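Participant: what follows is a predicted structure for the sequence shown.
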Amino acid sequence: GENVEQHPSTLSVQEGDSAVIKCTYSDSASNYFPWYKQELGKGPQLIIDIRSNVGEKKDQRIAVTLNKTAKHFSLHITETQPEDSAVYFCAASATGGGNKLTFGTGTQLKVEL
Amino acid sequence: DSGVTQTPKHLITATGQRVTLRCSPRSGDLSVYWYQQSLDQGLQFLIQYYNGEERAKGNILERFSAQQFPDLHSELNLSSLELGDSALYFCASSVASAPNTGELFFGEGSRLTVL
C-alpha cells in the first residue's frame, strides 16, 4: 500500500520567513496530493491540493510543488504569520488505489513573533 | 464549521468496555471516512462508507466495526477496549466515493481515553 513520509516533524520560523514542508510517497500510481492544516482542538482542513498532471500550484502565500519522477511534493508558505501556526499534513491518493487517502505523520509549524 | 458533527467530543472509559462514536456528515455528502489520530502515528485511515456500503478498509482492528445508516450518519463501534485505543477519532465526509476527487471535510473529533 501507499506510504507517505513527511519532514520535518517540527518547524519553527520567525514571522515573515518562509516555511517548507516536504513529503515523499511510495505508490507511483498516486495522482492526488492534498495538504491539510489542523489547528489546536479542530479537525484537519484542506488548504491546497495538486494533481499529478500539474507541477506547481499557488494560492496567495501557499504553494505546492510536485516532482513525480522523484515521488515527492512540498508545501511552501511565504511571509509566515502567527495564524499559520498549526499542524500540517500531506496526503496521497491514487485512482482505484483501494480508495484510500494516506496521510503523512504531520509537521508542527510554529511561527514566532 | 465544517458541517460534520461528531459525538461525543470526549469519552472516558475502562479497558474491556465498548463505546460507540457517532458522525453526521455534511448535508449532501454520501461518503463517510473514519480516521484514528494518535500522538505518534498521525492520521490512520480506518474505514470508508459510501451511501450505506463499505467502500474501503484501512488498518481497522477486528475489535472495531462501523456502519452507515440510511440517513447517512455513521457509527464507529470500538469493543474490548485497550489502553492503546486511546486516541482522537475523526470522521470526515465528502460528496464523491473516491477520496482523490475532492476535499474531505473533517469533524472536530471524539477524544477517547481508556483507563
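Facilitator: That came through fine. Residues are numbered from 1 along each chain as shown, chains lettered A, B, ... in the order given.
Participant: what does chain A put close to chain B?
Facilitator: Near chain B, the residues belonging to chain A are A:6, A:31-32, A:34, A:36, A:41-46, A:49, A:89, A:93-95, A:97-106 when assessed by C-beta under 8 Å from any C-beta of the partner chain. All C-beta atoms are positioned from the backbone trio N, CA, C, and that covers glycine.
Participant: filter those down to the buried ones, PyMOL style.
Facilitator: The buried residues among those can be selected in PyMOL (16 or more other C-beta atoms under 10 Å in any protein chain shown) with this line:
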select buried, chain A and resi 6+31+32+34+36+43+44+46+49+89+93+94+97+98+99+100+101+102+103+104+105+106
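Participant: among the residues of chain A next to chain B, which lie within helices?
Facilitator: In helices, defined here by DSSP state H, there are no members of the residues of chain A next to chain B.
Participant: show me where chain A has strands.
Facilitator: Counting by DSSP state E, one finds strands in chain A at the ranges A:4-7, A:10-14, A:19-25, A:30-38, A:45-51, A:56-59, A:62-67, A:72-77, A:86-94, A:101-103, A:107-112.
Participant: for B:Phe64, find the nearest of the ones you listed.
Facilitator: Ranking these by proximity to B:Phe64 (C-beta to C-beta) places strand A:101-103 first, at 18.4 Å.
Participant: could you dump the strands of chain A into TSV and include mean pLDDT?
Facilitator: Formatted as TSV, those follow (pLDDT from 0 to 100):
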stretch	mean pLDDT
strand A:4-7	96
strand A:10-14	97
strand A:19-25	98
strand A:30-38	94
strand A:45-51	94
strand A:56-59	94
strand A:62-67	97
strand A:72-77	97
strand A:86-94	94
strand A:101-103	91
strand A:107-112	96
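Participant: so the most centrally placed residue in chain B is in which element?
Facilitator: Most central in chain B under C-alpha atoms, centre = their mean is B:Trp34, positioned 3.0 Å from the mean C-alpha point. Using DSSP states H and E, B:Trp34 maps to strand B:31-38.
Participant: report all helices and strands that that strand contacts.
Facilitator: strand B:42-50, strand B:74-78, strand B:87-94 (3 or more C-beta pairs under 8 Å, 6 or more residues apart in numbering or on different chains; DSSP states H and E).
Participant: many thanks, we can stop here.
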